[in-house]
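Participant: When you get a sec, could you give me coordinates for this:
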Amino acid sequence: MTHRVSVLHGPNLNLLGTRDPGVYGTTTLVEIDAELARLAKARGAEVRCAQSNLEGELVDLIQRARGWADAIVINPGGYTHTSVAIRDAIDAVALPTVEVHLSNLHAREPFRQGSITAAKCLGQICGFGAQSYYLGLDAALTHVEATARDAIPRKRQRRSRTR
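Facilitator: Numbering: from 1, shown residues only. Prediction:
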C-alpha cells in the first residue's frame, strides 16, 4: 500500500533561500519539496506539496488532504502563533499531523515561542533547518506505517480533544 502525505507550507515560505538566511537557511522551497519527494519515493510513499500565504487557503488544503492523504506535515509559518482556524481544521480532518519549523521556536522572540496548532498535532519538530521537514516526513510515515501494521483504528490516533 502506498502511503500519502500532504506537505503544507505557510506564509513567506516561498521566499526560502533568500529570506533571512541566518534564521531560515539557504535551501529553497523547491529544493525542500524535491528532497521530500525523493525521500517519500524511497519509502514507497507519495507526497503532495503546496504553499500558501493565505490562511483560508491553508484551511482548504488541510480539508482536501482528508480525501487523499494518510497524514499531513505542516509548517504553518506565522499562523502557528495565531490561527485558530488552522488548528480547528487539523482537528476536524482527524489525520495524523506533524508540525515542522526551520528555526527553533523556543529560542526565538517570546511571541514566537507558543504554538496554537501543535496541540492538535502528533508532535512538533523545530530547529533543524530543512532537515525539520525530512524528520517530519519520517515521523508521519513511521506513524502511518505502524498504525496500518498494528491495525489501530484512526479514531484512536487522534489526540485528546481537551487540549
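Participant: just the helices in the protein please.
Facilitator: In chain order, the chain shows helices spanning 21-24, 29-42, 55-65, 84-93, 131-149, 154-157, with DSSP state H as the criterion.
Participant: Ok, which of these comes nearest residue 114?
Facilitator: Using C-beta to C-beta as the measure, helix 84-93 is the one of the helices of the chain that comes nearest residue 114, at 12.0 Å. C-beta coordinates here come from the backbone N, C-alpha and C atoms, glycine included.
Participant: That closest one - contacts with which helices or strands?
Facilitator: Under the contact criterion of 3 or more C-beta pairs under 8 Å, 6 or more residues apart in numbering; DSSP states H and E, helix 84-93 touches helix 55-65, strand 71-75.
Participant: List the buried residues for it?
Facilitator: Within helix 84-93, the residues that qualify as buried are 85, 86, 87, 89, 90, 91, 93, counting by 16 or more other C-beta atoms under 10 Å.
Participant: What pLDDT is listed against the closest residue to the fifth one other than its chain neighbours?
Facilitator: Same thing as residue 90. Using C-beta to C-beta, 6 or more residues apart in numbering and skipping the chain neighbours, the partner closest in space to residue 90 is residue 120 (4.3 Å). As summarised for this prediction, residue 120 has a pLDDT of 95.
Participant: Correct me if wrong: residue 120 contacts residue 91.
Facilitator: Yes - counting by C-beta atoms under 8 Å, a contact exists between residue 120 and residue 91, whose distance comes to 4.6 Å.
Participant: For the chain, give me the ranges with low pLDDT.
Facilitator: For the chain, the stretches with pLDDT under 70 are 107-113, 152-163.
Participant: one more time with 90
Facilitator: Within the chain, the stretches falling below the threshold (pLDDT under 90) are 1, 19-26, 81-82, 103-116, 118-119, 147-163.
Participant: okay, which residue is most central for it?
Facilitator: What sits nearest the mean C-alpha location of the chain, by C-alpha atoms, centre = their mean, is residue 74, with 1.8 Å.
Participant: does that residue have beta-bridge partners, and which?
Facilitator: residue 8, residue 99 (DSSP bridges).
Participant: ok, so what distance separates it from residue 118?
Facilitator: 10 Å (C-beta to C-beta, to the nearest Å).
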